[in-house]
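Colleague: I'll drop the sequence and a predicted model, then ask my questions.
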Amino acid sequence: MRGPHRVRLPHVPVPPLASSFFTYVGDNSDSVLRLAWGHVWVVALSIGIAVVIGVLLGVLTYRSPLASSIALTVSGLFLTFPSFALLGILLAILGLGVTPVVIALVLYALLPIVSNTITGLREVDAVVLDSARGLGMSPVGRLIRVELPIAWPVILAGLRTATQLVVGIAAIAAYVNGPGLGRFIFSGLSQLGGANATNQVVVGTLGIIIIALVFDLLLSVVGRLTISKGIRA
Amino acid sequence: MAKGQAVEIDLQSVTKEYAGSSVPAVENFSLTIPAGEIVVFVGPSGCGKTTTMRMINRLVRPTSGRILIGGEDAAEMKPDVLRRHIGYVVQQAGLLPHLTVRQNIETVPKLLGWKRDRVAARSRELFELVGLDEQEFGGRYPRELSGGQQQRVGVARALAADPPILLMDEPFGALDPITRDRLQSELLKIQRRVRKTIVFVTHDIDEAIKLGDRVVVLKERSKIAQAGAPDEILAEPADRYVRAFIGGGAAVKRLHLVRVEDLDLEPYPSFTQAGGYEEIIREVGTGGLDYALLLDDQRRPQRWLHRDELQDRPTDPGAVGQAVQGVVMATTTLHDAMDEMLSSGTGVVPAVDDRGAYIGTVRLSQVTDALEETHHRTVADQSDAAPVRTLAEITGEIDRRDIEAERDRQAAAKAGDGA
């Protein structure tokens, strides 16, 4: 198709107009919400799994100094792995997707939960335990009705720490194609200087901070509702 | 084990050895604890008395020997089941901090699977038994209670399922002396109603004498130095160890064994405001007495009024005379009654019943008489009776001072009349 001859103008690179932050969020609200939601549930899922494993590990090991120090060392070891390295290893084994992300997050969440479970259970007053035994409570009954409820505030504090930690680390999930607000950060970083690069990084970071705050608020409400008034600080 | 009905506990050559220790904690301990009695294990700390007691509910497993509870071998029962039928009270109560007072008390009935209304009815009874208001305390948490209140809850919780046996491990050891004293008296009051077989551990010989139907003095490895009625132990200590453990003033300690209700209480004239003055003035006059006791409408002692004050027929008798300084209960021991008189500085105290209603008065001279009596009985076989004599003199002294002060007052009153 040939049109009338036009004068070709020399190509002048016009920097694409960077939209303002709020416009950017407004224009991309769909993906912001989708990725934020992805972030939330991958964290919630990981924490949920970590609580079960962590509390179980704590319960099984707190009576034995050797067993509990092994549990603490191993779960502490995971924290020393750089998150990229850990994800890289898991990626090699499990491929891309949610599974390696969740596994990595669970491993990172373990230490504060295991360590607080052990501390909380050990701090239960010996006199109280003795009288619970004297009342005829079975070992399992004592654990469920006495030890865990009394240790619960400490366990919950560990849970809060673990959640904060994992909300941050979950940003890396984008690296292995996992869900979450990390996608914005990575994409922003990879085109630094490009249009909206800064906006992307800021959306990702702010979103993660907000999610962390909301989780913390929720957990403090859970604490209010579940910690007995008799032992609340 | 029959529920509620007290049972006998028979310890047969019970020994507890701990790994890594060459001497056993408890060695060859044999004792029969009769049903329905309070037996107190008393001894210095580390003598194995607590270990011995804890073998009864298998919190400590005996290395050898047998423990029969109501004729059944405790070793053949499931420990948790056994413990639900043995009340257990420890020092500082050991209440479950995350549960309310009511939930604490209801622990064992719930473990036993009682129906809800039976549990509720039982806890109502227990609040009443240990003297705590259910409305006020039911919903509180242990940390919101004083030490004494916590221990009341501890006792209520131990009695909740109406067990035939109660084990008490220094339950009042951490309380202040006044609270301790009151709870000891209330334990005796409760025991009159519930009649359990109670094993009580303490290192306080006075507590042992006050509470025990039988006292078992223990030395290291839980060896029995002497077992018997408190009176026997005070009168005839088996050896130097027991004598040293009893300490000085054995005769004074025997005042623990006599209660106010055992005395002939003097019916000192008393009146209520509603009753008017005529009768009481006549009564005081004919008795040749100086004082009358004002009672409130529930017959609780309020004030001492001098006969001159009665003559004035005051419209508000609560504003004249002297407030009653101290009262003693019918179940108070003479030892504590004497203490009350000495600390309130009066030679006469009103005695009251369970509800605080006036039943008569106790004079310090009655207490000293009782002291004399036990003194005479013990002086023959007691070489260390010297402190007793001094204390008798002290109390006599105070009684005399009281009489002198009274005489002075009368003289002053006469002088006033003359003017």
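Modeller: Ah, there it is. All figures in this text were calculated on a predicted structure; none of them were measured in a lab.
Colleague: Can you name the residues of chain B that neighbour chain A?
Modeller: B:57, B:59, B:79-86, B:88, B:90-100, B:107-108, B:111, B:141-143, B:154, B:157, B:167 (CB under 8 Å from any CB of the partner chain). Yep, even glycine has a C-beta here, placed from its N, CA and C like the rest.
Colleague: Show the model's pLDDT score for B:Val352.
Modeller: B:Val352 carries a pLDDT value of 88.
Colleague: so what's it bridging to?
Modeller: On DSSP bridges, the residues paired with B:Val352 through beta bridges are B:Met329, B:Tyr358.
Colleague: show me where pLDDT drops low in the chain?
Modeller: Answering for chain A, as no chain was given. For chain A, the stretches flagged by pLDDT under 70 are A:1-19.
Colleague: I was thinking of chain B, sorry if that wasn't clear
Modeller: With pLDDT under 70 as the threshold, chain B has low-confidence stretches at B:1-4, B:248-251, B:373-407, B:409-410, B:413-419.
Colleague: could you pull out the helices for chain A?
Modeller: Assigned helices in chain A, in chain order: A:21-27, A:29-61, A:65-80, A:83-94, A:98-122, A:126-134, A:139-142, A:148-169, A:182-190, A:197-226 (criterion: DSSP state H).
Colleague: Out of those, which gets nearest to B:Thr361?
Modeller: Shortest distance between B:Thr361 and these, using CB to CB, is found for helix A:126-134: 42.7 Å.
Colleague: Next one: the closest one, is it in contact with chain B?
Modeller: Yes - Helix A:126-134 comes into contact with chain B (CB under 8 Å from any CB), by way of A:127-128, A:130-134.
Colleague: Now tabulate those in TSV and tack on distance to A:Leu66.
Modeller: What follows is the residues of helix A:126-134 next to chain B, written out as TSV (distance: CB to CB, whole Å):
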residue	distance to A:Leu66
A:Val127	26
A:Val128	25
A:Asp130	24
A:Ser131	28
A:Ala132	25
A:Arg133	24
A:Gly134	29
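Colleague: distance of B:Asp290 from B:Arg282?
Modeller: Separation of B:Asp290 from B:Arg282 (CB to CB, to the nearest Å): 15 Å.
Colleague: ok, now A:Trp152?
Modeller: A:Trp152 is 71 Å from B:Arg282, by CB to CB.
Colleague: So for those two, which sits in the more crowded spot?
Modeller: The residue with more neighbours, out of A:Trp152 and B:Arg282, is A:Trp152; 19 against 11, by other CB atoms under 10 Å in any protein chain shown.
Colleague: Wait, the more buried one touches A:Gly230, no?
Modeller: No - if you go by CB atoms under 8 Å, A:Trp152 and A:Gly230 don't touch, sitting 11.7 Å apart.
Colleague: got a list of what residue 149 touches?
Modeller: Since you didn't name a chain, this refers to chain A. Applying CB atoms under 8 Å, 6 or more residues apart in numbering or on different chains to A:Pro149 gives the contacts A:228, B:98.
Colleague: Oops, wrong one, chain B.
Modeller: Taking CB under 8 Å, 6+ apart as the contact definition, B:Gln149 lies against B:132, B:137.
Colleague: what about it, which SS state?
Modeller: Of the three states, B:Gln149 takes helix according to DSSP: H, G, I helix; E, B strand; the rest coil.
Colleague: didn't B:Ile281 look like it was pressed against B:Glu309?
Modeller: No - with the criterion set as CB under 8 Å, B:Ile281 and B:Glu309 do not qualify as a contacting pair; they are 10.6 Å apart.
Colleague: quick revisit: let me know which of the helices of chain A is tucked in deepest.
Modeller: When the helices of chain A are scored by mean count of other CB atoms under 10 Å in any protein chain shown, the highest mean neighbour count falls to helix A:98-122 (a mean of 24).
Colleague: Now do the same contact list for the residue nearest to the spatial centre of chain A.
Modeller: Most central residue of chain A, judged by C-alpha distance to the mean C-alpha position with CA atoms, centre = their mean, is A:Val166 at 2.2 Å. With contact set as CB under 8 Å, 6+ apart, A:Val166 has these partners: A:43, A:46-47, A:50, A:105, A:108-109.
Colleague: Could you measure from it over to A:Gly180?
Modeller: 11 Å.
Colleague: now do A:Phe84
Modeller: Taken as CB to CB, the spacing of A:Phe84 relative to A:Gly180 amounts to 15 Å.
Colleague: before we move on, what about B:Leu263?
Modeller: Separation of B:Leu263 from A:Gly180 (CB to CB) stands at 85 Å.
Colleague: which of these two has more neighbours?
Modeller: Neighbour count, other CB under 10 Å: between B:Leu263 and A:Gly180, A:Gly180 has more, with 28 against 20.
Colleague: In space, what's closest to that one - neighbours in sequence excluded?
Modeller: For A:Gly180, the nearest residue in space outside its immediate sequence neighbours is A:His39; the separation is 3.9 Å by CB to CB, 6 or more residues apart in numbering or on different chains.
Colleague: For the closest residue in space to A:Ser187 that isn't next to it in sequence, which residues are in contact?
Modeller: With sequence-adjacent residues excluded and distances taken as CB to CB, 6+ apart, A:Ser187 is closest to A:Gln200, at 5.5 Å. The neighbourhood of A:Gln200, defined by CB under 8 Å, 6+ apart, consists of A:24, A:184-185, A:187-188.
Colleague: Considering those, which is situated nearest to chain B?
Modeller: Using CB to the nearest CB, A:Ile185 is the member of those that lies nearest chain B, at 42.9 Å.
Colleague: That closest one and A:Leu206 touch, don't they?
Modeller: No - between A:Ile185 and A:Leu206 no contact is recorded; they are 10.6 Å apart, counting by CB under 8 Å.
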